[in-house]
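Q: I would like the atomic coordinates for the input below:
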Amino acid sequence: MGTAEQLAAAGVGFGDEVVVPSYATAEAAEAVRSIGALPLFADIDPGSFCLDPAAVARAVTPRTAAIVPVHLFGHPADLMALRLVAAERGLLLVEHVDHTEERGGSSPRQANAAYLTSRLTGVVTPVTAPGVVHRYDSYVVRVPGNGRPDRDAFARALRARGVRCRVPVQTPVHRMPSFRRELWLPETERAADECLALPVEEEMTRRELQRLVSVCNGLGGLVPLAAA
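A: Here you go, the predicted model:
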């Protein structure tokens with residue numbers, strides 16, 4: 001069963017709140033709204049980009065009925081901690097499968113990710129929680145700085161040099177017109193400003209990986225707007 005069906009089968013519906021991440025696609029929030037419930041957005045862990053259990057606990061209200069974590073970019077959400085929050089508050093927990101995510105997980109993709117992580121400088125490479133297997137559906141780095149212009153300038157400079165890249169989450173769900181909420185999720189906002197997905201596909205050759213590293217490192221991290 002899909003997320004909406006699982007929630008509905010458990011009796012979640014009109015008037016209930018369901019905690020979902022805003023830093024993701026709108027799929028989970030749409031599933032919640034499709035059964036008449038209200039998406040309740042909580043902040044993310046800055047390392048995994050998935051729901052932060054502590055933020056979830058803070059967001060819960062008497063109307064909250066369930067938590068719907070989303071595994072993002074191939075890094076699983078912290079289900080153990082989220083189950084503890086759910087158990088303490090008497091909430092349902094339903095894992096959401098985001099069908100818009102790439103499905104990686106092959107050894108070549110993970111080997112490519114390891115190569116990039118060991119050689120990239122000037123960007124913050126992905127973090128993997130202890131004991132977790134990262135599938136690297138996407139290889140998402142941070143371009144740290146003072147906000148979106150730094151990341152976007154870096155992306156334009158990469159593309160100008162023939163390197164494919166994309167912003168993995170263009171707009172957090174709580175800022176989309178159909179879901180707009182007046183709330184501040186600092187880690188979500190920071191990730192939306194800093195994150196960039198670099199190519200890591202299984203079919204990439206070592207030469208392509210070396211060129212990717214060379215171009216990224218040659219830019220030296222932040223790129224002034226005028227240089228892009």
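
Q: Touching, residue 75 and residue 139? I think so.
A: No. Counting by C-beta atoms under 8 Å, residue 75 does not reach residue 139; the two are 11.0 Å apart. The way it works is simple: take the backbone N, C-alpha and C, and place the C-beta from them, glycine included.

Q: what touches both of those two?
A: residue 126 (C-beta atoms under 8 Å, 6 or more residues apart in numbering).

Q: Give me the buried positions along the worst-scoring helix or strand of the chain on mean pLDDT.
A: The weakest-scoring helix or strand in the chain, judged by mean pLDDT, DSSP states H and E, is helix 148-160 (a mean of 86). Buried residues in helix 148-160, counted by 16 or more other C-beta atoms under 10 Å: 150, 151, 152, 153, 154, 155, 157, 158.

Q: CA atoms of the next helix or strand after it as CSV?
A: Heading C-terminal from helix 148-160, the first helix or strand you meet, by DSSP states H and E, is helix 186-194. The C-alpha atoms that make up helix 186-194 are tabulated as CSV, following Å, rounded to 0.1, in the frame of the first residue of the first chain:
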residue,chain,number,x,y,z
PRO,A,186,16.6,26.7,9.7
GLU,A,187,18.3,23.4,8.5
THR,A,188,15.7,23.0,5.7
GLU,A,189,16.4,26.6,4.5
ARG,A,190,20.1,26.2,4.7
ALA,A,191,20.0,22.9,2.7
ALA,A,192,17.8,24.5,0.1
ASP,A,193,20.4,27.3,-0.3
GLU,A,194,23.6,25.2,-0.2
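
Q: Which secondary structure elements does helix 186-194 sit against?
A: Packing contacts for helix 186-194, counted by 3 or more C-beta pairs under 8 Å, 6 or more residues apart in numbering; DSSP states H and E, involve helix 148-160.

Q: Report the angle between the helix it packs on and helix 186-194.
A: 40 degrees (axes from the mean of the first three to the mean of the last three C-alpha atoms, to 10 degrees).

Q: now for helix 148-160, which elements pack on it?
A: helix 186-194, strand 195-198, helix 206-219.

Q: now, of those, which is deepest in the fold?
A: strand 195-198 (a mean of 21; mean count of other C-beta atoms under 10 Å).

Q: got the CA positions of that strand in CSV?
A: Output in CSV follows, covering the C-alpha atoms of strand 195-198 (Å, rounded to 0.1, in the frame of the first residue of the first chain):
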residue,chain,number,x,y,z
CYS,A,195,22.9,21.8,-1.8
LEU,A,196,23.9,20.6,-5.2
ALA,A,197,23.7,17.2,-6.8
LEU,A,198,26.8,16.0,-8.8
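
Q: pLDDT on it, on average?
A: Averaging pLDDT along strand 195-198 gives 97.

Q: which outside residues touch that strand?
A: Here strand 195-198 has contacts from 49, 73, 116, 123, 138-143, 151, 154-155, 163-169, 212, 216, using C-beta under 8 Å, 6+ apart.

Q: burial of residue 107, as a residue count?
A: 8 (other C-beta atoms under 10 Å).

Q: Check the one 3 residues further on too.
A: Burial of residue 110 is recorded as 18 neighbouring residues (other C-beta under 10 Å).

Q: name the element it belongs to?
A: Per DSSP H and E: helix 107-119 holds residue 110.

Q: Dump the helix or strand just after that helix to PDB, restricted to CA.
A: Helices and strands here follow DSSP H and E; after helix 107-119, the next one along the chain is strand 139-142. What follows is strand 139-142, C-alpha atoms only, in PDB (Å, rounded to 0.1, in the frame of the first residue of the first chain):
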ATOM      1  CA  TYR A 139      25.500  12.600  -4.600                       C
ATOM      2  CA  VAL A 140      24.600  15.800  -2.800                       C
ATOM      3  CA  VAL A 141      27.200  18.200  -1.700                       C
ATOM      4  CA  ARG A 142      26.900  21.600   0.000                       C
END
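
Q: Cool, thanks, talk later.
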